[in-house]
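**Q** for reference, the sequence and a predicted model appear below.
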Amino acid sequence: MGMKFLKKLKKFFWPDIYEKNRINLFEKFSFIKRFFYKRKNFAYIRSFSDIVFLSLIILGLFGPQEKDKNIMLFLAWGVWWTSLVFSWFFLGRMWCAFCPFPGLARLLQNLNLSLFKNPPEIFKKNGIHLATALFFLIIWLETTTPLTSSPRYTALFLLSIVLLAAFFGVLYREYAWCRYLCPLGRITGVAATMATIEFRPDYQICKNCKEAHCKKGKAGVRPCPVYLGAVAVQNNLNCFICGHCLILCPYESPAIYLRHPLKEIILNKGKGITCAYVIPFLIGSQLARFLVEKDFFHNWALGLGISSNFLFTLLFFWFSVSLIIITKLAASFFRVIEDPILGKFNLTIAILIPFAFTGELIYRSKYFLKNLGDFFPTLGRQFGIESLLKWGFII
Ligand code: SF4
Ligand code: SF4
């Protein structure tokens, strides 16, 4: 009885990671397949996001600079950030397929204003470290500077990423910035490892494919924007699920699958930088960020005779380094869990990854919900529409 119950429990919580236990969404829902194969759909959504993004930058640079009079702040930090984080769980890295940051780079490349070089090896080796460091720099700036309350700073921040992506687009072919250096892309890729969908080829079909157009492109159609191609996709880290390679594949090998969200984390066994640094730093930053918002935080800093920013920085590193030590220690305690299916497995990894990303979702949603009620009044104040002022509410 007891064993039976335990077996049932295991079946319920332990994801079945066999390939056949995923659902091919192209087969099950043909409208999804049609949507992905009709490439214009993606072009329309991308153009829409480029226009919205450009409007945000213009509003930030030239609109009112008071926090409660410029709607771009809420749209950028509340709507955009929160929906990006929300998308991690359901769409993997698909956000990057519509991301406006490489918009200018794409335009310049379409105008042939690029050297179209191959990205150097150093990007492949060290890009991840730089991107991760940049991500935590953004989090630090968000908390310690007026970035999120200044429309101009926010616009300059967005613009600087667009210009960086454009700079690399002028030097290198396709999206070197997105693949190797973008801080948001990096964290999105890590989070995408626990998404409920995956884009994968049928490796049996690919084995016999001589052309591999999905990777190399073909006459008149550029290759995969991030130097992968369906044939090289083995995890959710780098693939945008943009579907571009669908039209390059003559055998309809790639498809989108619904899967257990923990499948990839378990298959990877939390190897690599995902577990070692990104996750402890993300959770460490969240603990510090949540503390900053507490009433006692500033008194605490005063009592210690240091500035709030310095205390935040100390806590950020203290929590992060402590978590790195805890995960290392836990790894040595839990190392020898043996499962006939999973092999050797460190439980702390499966626990911490979802914690880190749901923590981020909570943090972002809090900002969104706190400021949502002021959306219409801010719009009213910005554009002088009196009637909108009374539409405010508090969550
Ligand atoms: S995805 Fe298509 S084009 Fe790419 S290797 Fe497989 S069969 Fe060939
Ligand atoms: S592998 Fe295919 S779906 Fe993934 S990023 Fe490249 S072109 Fe897009």
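**A** Nice, thanks for sending it over. Ligands and ions are numbered 1, 2, ... in the order given.
**Q** and the residue of the stretch 51-200 of the chain found nearest ligand 2, what are its bridge partners?
**A** Of all residues in the stretch 51-200 of the chain, residue 199 sits closest to ligand 2, with a separation of 5.2 Å (Cβ to the nearest ligand atom). C-beta here means a position set from N, CA and C on the backbone, and glycine is covered the same way. Beta-bridge partners recorded for residue 199 (DSSP bridges): residue 256.
**Q** and for the residue in the stretch 51-200 of the chain that ligand 1 sits nearest to, the neighbour number?
**A** The minimum distance from the stretch 51-200 of the chain to ligand 1, using Cβ to the nearest ligand atom, falls at residue 200 (9.6 Å). Counted with other Cβ atoms under 10 Å, the burial measure for residue 200 works out to 21 neighbours.
**Q** now residue 148
**A** Applying the criterion other Cβ under 10 Å, we find 18 residues in the vicinity of residue 148.
**Q** hang on, the earlier thing: ok, the residue of the stretch 51-200 of the chain closest to ligand 2 touching residue 254?
**A** Yes - applying Cβ atoms under 8 Å, one finds residue 199 in contact with residue 254, separated by 6.3 Å.
**Q** what sits in contact with each of these two?
**A** Taking Cβ atoms under 8 Å, 6 or more residues apart in numbering as the contact definition, residue 199 and residue 254 share the neighbouring residues 230, 233.
**Q** returning to what we had before: give me the pLDDT for the residue of the stretch 51-200 of the chain closest to ligand 2.
**A** Listed pLDDT for residue 199 reads 96.
**Q** point me to the residue of the stretch 251-395 of the chain nearest ligand 2.
**A** residue 254 (6.6 Å).
**Q** dump the residue contacts of residue 239.
**A** If you count contacts by Cβ under 8 Å, 6+ apart, then residue 239 has 92-93, 199, 226, 228, 233 around it.
**Q** please identify the residues of the stretch 151-300 of the chain in proximity to ligand 2?
**A** Taking Cβ under 6 Å from any ligand atom as the measure of proximity, the stretch 151-300 of the chain contacts ligand 2 at 199, 224-226, 228-230, 233, 239-245.
**Q** in this structure, where is pLDDT below threshold?
**A** Confidence mapping of the chain against pLDDT under 70 gives the ranges 1-2, 5-20, 266-276, 334-347, 349-350.
**Q** helix or strand: which one has the spatially most central residue of the chain?
**A** With the centre of the chain defined as its mean C-alpha position, the nearest residue by Cα atoms, centre = their mean is residue 188, 1.8 Å away. Following DSSP states H and E, one finds residue 188 within helix 183-192.
**Q** residue 351 too?
**A** Assessed by DSSP H and E, residue 351 sits inside helix 347-372.
**Q** one step back: tabulate the CA atom coordinates of the helix holding residue 188 in CSV.
**A** C-alpha atoms of helix 183-192 as CSV (Å, rounded to 0.1, in the frame of the first residue of the first chain):
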residue,chain,number,x,y,z
PRO,A,183,21.9,40.2,-21.0
LEU,A,184,18.2,39.8,-21.3
GLY,A,185,18.6,37.1,-23.9
ARG,A,186,21.0,35.2,-21.7
ILE,A,187,18.6,35.2,-18.7
THR,A,188,15.7,34.5,-21.0
GLY,A,189,17.6,31.5,-22.4
VAL,A,190,18.4,30.1,-18.9
ALA,A,191,14.7,30.6,-17.9
ALA,A,192,13.6,28.9,-21.1
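**Q** tell me the angle of that helix relative to helix 347-372?
**A** Angle of helix 183-192 versus helix 347-372, following axes from the mean of the first three to the mean of the last three Cα atoms, to 10 degrees, is 120 degrees.
**Q** where exactly do the helices run in the stretch 1-150 of the chain?
**A** Using DSSP state H, counting those that start in this stretch, the helices of the stretch 1-150 of the chain run over 2-13, 25-28, 30-37, 39-62, 72-73, 81-91, 95-98, 103-110, 121-144.
**Q** deepest in the core, which of these is it.
**A** When you average the neighbours per residue for each of the helices of the stretch 1-150 of the chain (mean count of other Cβ atoms under 10 Å), helix 72-73 leads with a mean of 25.
**Q** quick one on the thing from earlier: what's the nearest residue to the residue of the stretch 251-395 of the chain closest to ligand 2 if we skip its chain neighbours?
**A** Leaving aside its sequence neighbours, residue 254 sits nearest to residue 230 (Cβ to Cβ, 6 or more residues apart in numbering; 3.7 Å).
**Q** contacting residues for residue 286?
**A** With contacts taken as Cβ under 8 Å, 6+ apart, residue 286 has the following neighbours: 356, 359-360, 363.
**Q** check which element follows the helix or strand encompassing it along the chain.
**A** Residue 286 belongs to helix 279-292 when elements are defined using DSSP H and E. Proceeding C-terminally, helix 279-292 gives way to helix 296-304 as the next helix or strand, assigned by DSSP H and E.
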